[in-house]
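Asker: this is the structure alone, sequence omitted:
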Ligand code: MG
């Protein structure tokens, strides 16, 4: 009986869920599959986990060797959806704050995981902020829904997996010897992202250019304080084959940033300045585009809507990540056929991933043919 129900759900689920998850209009679609499926409730569990970085990671402002995450599972009718919250220190969340937030969330009041809009509106209302904590529920719920209908999310969203972009691999601020070594080790990537703003910008770029002529993305992490110096540097970078410049100036210098974007020969991308859906329209004219990350956006639901809004505003879209396992990275990768640029290397920077998911082949993101966010738990 159960097997028959699963076949039925698979058949009707993909079409109607795709409509539901694509936008508000589709949210009215009836979901008879779930009503026939189970009277079960959603339950979830979570645990802290420390990611170990393969190399010390240095950007303008700080260095670190580990990243704290919280791994979540939402259980429903014998299926498990996986989620993750990653908390790099500069975003202000921690394992303690995430667990404190998750303890306040009562998912057992819901017995229909397809009511994702309702469930995630509730989760968002539990407390302000806590964006990574909210993302770990959002990701697990999306994964669960994909597993119920036995389809990858990219299919439910109507996306072509052949249209995934290249992903960049990040080279942190370091001495020329280390930068050269890391660049050589990254030979399989067709585009690199270089961290600048550490006082040795031209040395960083010149060192990398001794090794490779692949296109480069640049991320300054708010490191340039003077707009005229920033513009001069961007002109120099353009000659060196740089594609865009991410968060060149402090997020608080809004007028300087608008001037820089107006005059810049390269696109400027907001990262630290930009968090959620409600921010997108504010940055039209201040930056050329936005860097969406699930840990800022509260997960896939808002990330998908942000892409739609940014496109309507004729803005560029990049999808990025924190240091994360293959769980959150594979979730973000499901949206990658929709973006201009991807920087989804967070799982490649750690030595203790516990999931297997998205792969990088010839520098390009390859989405697994697995349901939900497309991961398997290792061991
Ligand atoms: Mg950035």
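Answerer: Ah, there it is. Since the model is a prediction, treat every value here as computed from it, not as a measurement.

Asker: OK, contacts around the closest residue to the ion within the stretch 251-379 of the chain?
Answerer: Of all residues in the stretch 251-379 of the chain, residue 271 sits closest to the ion, at 3.6 Å by C-beta to the ion. In short, each C-beta sits where N, CA and C put it, glycine included. Residue 271 is in contact with 219, 221, 246, 247, 291, 293, 320, counting by C-beta atoms under 8 Å, 6 or more residues apart in numbering.

Asker: and the spatially most central residue of the chain, what are its bridge partners?
Answerer: Centre of the chain computed as the mean C-alpha position; nearest residue by C-alpha atoms, centre = their mean is residue 293, 3.5 Å away. Listed by DSSP bridges, the beta-bridge partners for residue 293 are residue 320.

Asker: was I right about it contacting residue 323?
Answerer: No. The criterion here is C-beta atoms under 8 Å, and residue 293 misses it with residue 323 at 11.3 Å.

Asker: quick one on the thing from earlier: also near the ion: which of the contacts of residue 271, exactly?
Answerer: Counting by C-beta under 5 Å from the ion, the subset of the contacts of residue 271 that neighbours the ion consists of 219, 246.

Asker: A helix includes residue 101, no?
Answerer: Yes. Per DSSP: H, G, I helix; E, B strand; the rest coil, residue 101 lies within a helix segment.

Asker: longest strand anywhere in this structure?
Answerer: Of all the segments assigned as strand in the chain under DSSP state E, the longest by residue count is strand 43-59.

Asker: go through that strand and flag the buried ones.
Answerer: Of the residues in strand 43-59, those buried by neighbour count under the rule 16 or more other C-beta atoms under 10 Å are 44, 46, 49, 51, 53, 57, 59.

Asker: for the helix or strand just after it, packing partners?
Answerer: Elements were assigned by DSSP states H and E; along the chain past strand 43-59, the next helix or strand is strand 62-76. In terms of contacts (3 or more C-beta pairs under 8 Å, 6 or more residues apart in numbering; DSSP states H and E), strand 62-76 is packed against strand 43-59, strand 79-86, helix 95-104, helix 131-149.

Asker: how far is strand 62-76 from where the chain is centred?
Answerer: Taking C-alpha atoms, centre = their mean, to the nearest Å, one finds strand 62-76 lying 14 Å from the centre of the chain it belongs to.

Asker: partners of it in the sheet?
Answerer: If you go by DSSP bridges, strand 62-76 pairs up with strand 43-59 (antiparallel), strand 79-86 (antiparallel).

Asker: out of the helices and strands packed on strand 62-76, which comes closest to the ion?
Answerer: Evaluated over the helices and strands packed on strand 62-76, closeness to the ion peaks at strand 43-59, with 7.9 Å, by C-beta to the ion.

Asker: hmm, the closest one in reach of the ion?
Answerer: No. Interface with the ion: strand 43-59 contributes nothing (C-beta under 5 Å from the ion), its closest point being 7.9 Å away.

Asker: I'd like the average pLDDT over that strand.
Answerer: If you average the pLDDT over strand 43-59, you get 88.

Asker: and stretch 167-178, by the same measure?
Answerer: Computed over stretch 167-178, the average pLDDT equals 93.

Asker: buried residues, that stretch. List them.
Answerer: Residues of stretch 167-178 classed as buried by neighbour count (16+ other C-beta under 10 Å): 167, 168, 169, 170, 171, 172, 173, 174, 178.

Asker: distance to residue 297 for the residues you listed - can I get that in a markdown table?
Answerer: Listed next are the buried residues of stretch 167-178 as a markdown table, based on distance: C-beta to C-beta, whole Å:
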| residue | distance to residue 297 |
| --- | --- |
| 167 | 18 |
| 168 | 19 |
| 169 | 22 |
| 170 | 20 |
| 171 | 25 |
| 172 | 24 |
| 173 | 26 |
| 174 | 30 |
| 178 | 32 |
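
Asker: what is the nearest of those to residue 241?
Answerer: Ranking those by separation from residue 241, with C-beta to C-beta as the measure, puts residue 168 on top at 13.3 Å.

Asker: skip the chain neighbours and tell me the closest residue to the closest one.
Answerer: Computed as C-beta to C-beta, 6 or more residues apart in numbering, the closest residue to residue 168 that is not its neighbour in sequence is residue 193, at 4.0 Å.

Asker: pull the contacting residues for the one you found.
Answerer: In this structure, residue 193 makes contact with 168, 169, 170, 171, 216, 217, 218, 219, 246, 343, 345, judged by C-beta under 8 Å, 6+ apart.

Asker: next, count neighbours for residue 335.
Answerer: Residue 335 is surrounded by 23 other residues when neighbours are defined as other C-beta atoms under 10 Å.

Asker: hmm, it is touching residue 318, no?
Answerer: No. If you go by C-beta under 8 Å, residue 335 and residue 318 don't touch, sitting 11.2 Å apart.
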